[in-house]
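Undergrad: Starting from these lines, generate the structure:
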Amino acid sequence: MNHNRGFQVKRRTPYRRIRIETINRSELLRDDEDRWRLSSPSGIQIFRVWIMGIITEKYTGENNYVGLKVEDGSGGIVVKTWDGRLDQFQKWDKIETLGQIQISERGEEIDVFLVPDIIKTISDDNWFIVHRLKIVQQNQRPTTIEVKPATVKGIEIGVPSIEDLKIKLKEVVKKVDKGEGVSYDQLVDMFPDIDEIQIDEAITELLESGEFFEPKAGIFSSAVDS
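TA: As a prediction, the model looks like this:
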C-alpha cells in the first residue's frame, strides 16, 4: 500500500480522526467568552480534525476564494481557503485533510466549515479503510491510564487519568522548552508507557483551552507563565 502524501508525519499530529457525520451531528455552544464551540454527541469538543473523502462540488469566488464540498459516505462538509491552495483540486478527487473547524456567524446564519492545515490527494483506497479503523481505535481509548513508574526531566510521571496527563505534559514542556518549543515526537518519547492516542487527546485539549500554543506545526509551547 503506497501512500505518497507529499508530506512527512513521523507520528500522528494532534488532530482527531473523524467521520463527517460526527461534525454535522454536533451541537453549537457558546463558551464563557461568547465564542462558538462545536461539541460532539459524546461531549467532546471538536476543533482539529482529520478527515478523508471525495470532492463532490467545487466553488470559486472573489479574493481567491475556493470551497470544496467533501463527502465521506456519512455526510459532507465544505473545506475553504482564500489563498489559492485549493486551486489544484478538482471534483471527484479523493483527499485527506487535516484542519481546523471554523464557525462564522452572519445575522441568524451560522456556517461551520473546515480550513485545512494539510490537504493531499489519496491514490490508494486502502487508506480509507485504515482511517475508519483508526477512528474506532481512537473512540475506544480508556479514560484511565496505567503506566510504569518513570521520571522525565526530574518530574515523576504518575498519570492515572487524562487530566493528570495534561498536568504532567504542562510540567514537562515548561521544563524542557528552551525557547523553541517541544516537538510532538519528543513528548511521545518522554511518555513511552502511555498510549499515543491518549497523549494526542491531552495535547489537543491543552491547545483548545489555550494552555498550549504552536509556534510551528507540531511544536508546542506553554501559553501560561510559570
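Undergrad: contacts, neighbours, all on C-alpha from now
TA: Fine.
Undergrad: Tell me how this structure divides into domains.
TA: 16-139, 150-222 (automatic domain parsing).
Undergrad: Any idea which of those domains has the lowest pLDDT on average?
TA: Ranked by mean pLDDT, the domains of the chain end with domain 150-222 at the bottom, a mean of 79.
Undergrad: related to what we said a few turns ago, turn the domains of the chain into JSON lines, including mean neighbour count.
TA: Shown next, in JSON lines, are the domains of the chain (neighbours: other CA atoms under 10 Å):
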{"stretch": "domain 16-139", "mean neighbour count": "16"}
{"stretch": "domain 150-222", "mean neighbour count": "17"}
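Undergrad: how about the strands in the protein?
TA: If DSSP state E is used as the criterion, the strands of the chain fall at 16-17, 27-30, 36-39, 45-46, 48-60, 66-71, 76-81, 94-106, 109-121, 150-152, 155-157, 182-183, 212-216, 219-222.
Undergrad: Turn the ones you listed into CSV, including distance to residue 171.
TA: Output for the strands of the chain, formatted as CSV (distance: least, CA to CA, whole Å):
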stretch, distance to residue 171
strand 16-17, 24
strand 27-30, 30
strand 36-39, 27
strand 45-46, 24
strand 48-60, 23
strand 66-71, 39
strand 76-81, 36
strand 94-106, 26
strand 109-121, 28
strand 150-152, 10
strand 155-157, 8
strand 182-183, 12
strand 212-216, 12
strand 219-222, 9
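Undergrad: Can you tell me how far the residue nearest to residue 121 when sequence neighbours are not counted is from residue 78?
TA: Once flanking residues are discounted, residue 121 sits nearest to residue 95: 4.2 Å by CA to CA, 6 or more residues apart in numbering. Between residue 95 and residue 78 the distance is 13 Å, computed by CA to CA, to the nearest Å.
Undergrad: go on, residue 103?
TA: Distance from residue 103 to residue 78, counting by CA to CA: 12 Å.
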